[in-house]
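1. need coordinates for the following:
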Amino acid sequence: MPLKSLKLSTALVAATLVAGTAFAAETYGPFPVTVKGYEGDKTNSVSYSGQAARHVLHDSLKALASQGDGGANAAEIEAALSSYFNGSEGDLEIIAPATKGDFKIKQTMLNEISSGKNIAGKFYDGAMSAWPGDMTGKEVLVHMIKHAAQSEGGYDAANGYDWGQLISKFTMGAMAYNQAVDNYLDEKLEADNKPNNKPYSEGAAYTGKEHAWDEAFGYFGAAAHSLGLSAEDNYNIAKKKDLAVADANGDGVVDLKTEYVFGPAYYAAGADKSGKTSYMTDIMTAFIEGRKLITSANGEALSDEQRTQLKAHAATIEENWEKVLAEATFKYAGSVYNDITKIGEAADYDARAKAYRAYVKHWGELKGFAMALQSGKNNLGKTAVHLNRLIGYGPVTLDETIVSGIDGGGNFVRDRRMSWNSYQLHMLRVQELLIEAFGIEARANDATAELASLVDSLNNDGGAETD
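-> Just a heads-up that it's a prediction; the model follows:
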């Protein structure tokens, strides 16, 4: 048997002893049922199918955002987007992730994963000052959905918006990251919240703490066997490139409940491919070790010492997850910087339009991740203020105007101007700020070496932002 196959097969066999015995599992589960008096027939207490379903809703929402025709089908697309955001009383087709070639996805309908799920009920609803209009996070997403439905292919060239990217990256933070770090790994770790000596709900095969921890893991979006894989392997699963690596149980299909790698985990693996970071390993290890600790209590209430240890694992997850979002923000700030150079060097109209389209896509990813960073547990304070000022409500557009707000009808207003070079400087300041605030190390598309020369160039030209 090849070494990788042997490793995966071994990893799939989790120890089932409790009450102080160490576990040998490399996978997230299976873990035994420890609920006192449980009378069902389940032998595995792990359950996070609801979170997998929400990742599918997110992926499908992103795909739908690009299906508008510029107005004629706006009502239809808005209704479809709303159903994937708010949930549906019936079933919903899985638009994404879908089978690609020999990378076969097991499920085709959402209820095959979990029924009755939505994004809206799990979305950050605090103030989101990064977006115009003085809205909450949830209101921002609804606003984005409306404009995506009215766009052609999810693209707004005039204002510089790629709706699929904005919706997707913001949701990765405002749903998945927020729920994990500001709910399940926060208040639900307290002694009187979802205690470990009671089932999570009547008849459940898992305790309160077991299921709360599982749900946090589900929002991270890793495959159960991700710890046994390389960063490249995890990245390729999300890209639907390697069925053999994804298909841990060898049944010929990829189960979206346990074998797929969704957004947050994908970006952790993406950063780790640099060889400079170990976000996926550190987060997965903390999740597995935390679950082992909870299971070792054997259905008894966790002691203060055990909860202290559990909170330490949670802190590791939170710190690394925040850095993953910061790394992604950094990466796309560099992409935007490079795109501006390409726009300026474009030889003709077609080349310029192509470069501008890439620029708008990358700006959507930059902005979405910057907003995701602000939807967690930590108040980023002046870091958020500076980040929002540097990135703005929109990118510099082809006529060198920038969105400055929205009018009473929810339409964007562009009455502010900025030069392309000045905005490039903003991107380098964003990268500089992220290094200082979060200590990130992968730093994809690092352009900070250009900072001094760009500042000199702008000073010599007298080029600066004008209102």
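2. which residue ranges of this protein form strands?
-> 155-156, 161-162, 401-402, 405-406, 412-413, 416-417 (DSSP state E).
3. for Lys138, which of these is the nearest?
-> Smallest distance to Lys138 across these (C-beta to C-beta): 16.5 Å, for strand 405-406. In short, each C-beta sits where N, CA and C put it, glycine included.
4. ok, that closest one: who's next to it in the sheet?
-> Strand pairing for strand 405-406, determined by DSSP bridges: strand 412-413 (antiparallel).
5. show the average pLDDT along the strand it pairs with.
-> Averaged across strand 412-413, pLDDT comes to 97.
6. neighbouring contacts of that strand?
-> Contacts of strand 412-413 from elsewhere in the structure, counted by C-beta atoms under 8 Å, 6 or more residues apart in numbering, are Pro132, Asn159, Tyr393, Gly394, Val403, Ser404, Gly405, Ile406, Asp407.
7. could you double-check that Asp125 sits in contact with Met135?
-> No: the pair Asp125 and Met135 fails to qualify as a contact (C-beta atoms under 8 Å) at a distance of 9.9 Å.
8. related to what we said a few turns ago, save the contacts of strand 412-413 as TSV, and put in pLDDT and neighbour count too.
-> Conversion of the contacts of strand 412-413 to TSV gives the following (pLDDT from 0 to 100; neighbours: other C-beta atoms under 10 Å):
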residue	pLDDT	neighbour count
Pro132	97	19
Asn159	98	19
Tyr393	98	22
Gly394	98	22
Val403	98	22
Ser404	97	16
Gly405	97	14
Ile406	97	17
Asp407	95	10
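9. can you name the two of those that sit furthest apart?
-> Farthest pair in the contacts of strand 412-413 (C-beta to C-beta) is Gly394 and Asp407. Separation: 14.4 Å.
10. show me where pLDDT drops low in the stretch 1-150 of the chain?
-> 1-25 (pLDDT under 70).
11. now the helices for it?
-> Secondary structure of the stretch 1-150 of the chain (DSSP state H, counting those that start in this stretch): helices at 3-11, 49-64, 74-86, 137-150.
12. who wins for proximity to Trp213 among the ones you listed?
-> That would be helix 49-64 among the helices of the stretch 1-150 of the chain, by C-beta to C-beta, at 11.8 Å.
13. got the angle for the closest one vs helix 74-86?
-> 160 degrees (axes from the mean of the first three to the mean of the last three C-alpha atoms, to 10 degrees).
14. what separates helix 49-64 from the chain centre, distance-wise?
-> Taking C-alpha atoms, centre = their mean, to the nearest Å, one finds the center of helix 49-64 at 11 Å from the center of the full chain.
15. name the helices or strands packed onto it?
-> helix 74-86, helix 163-171, helix 208-220, helix 263-272 (3 or more C-beta pairs under 8 Å, 6 or more residues apart in numbering; DSSP states H and E).
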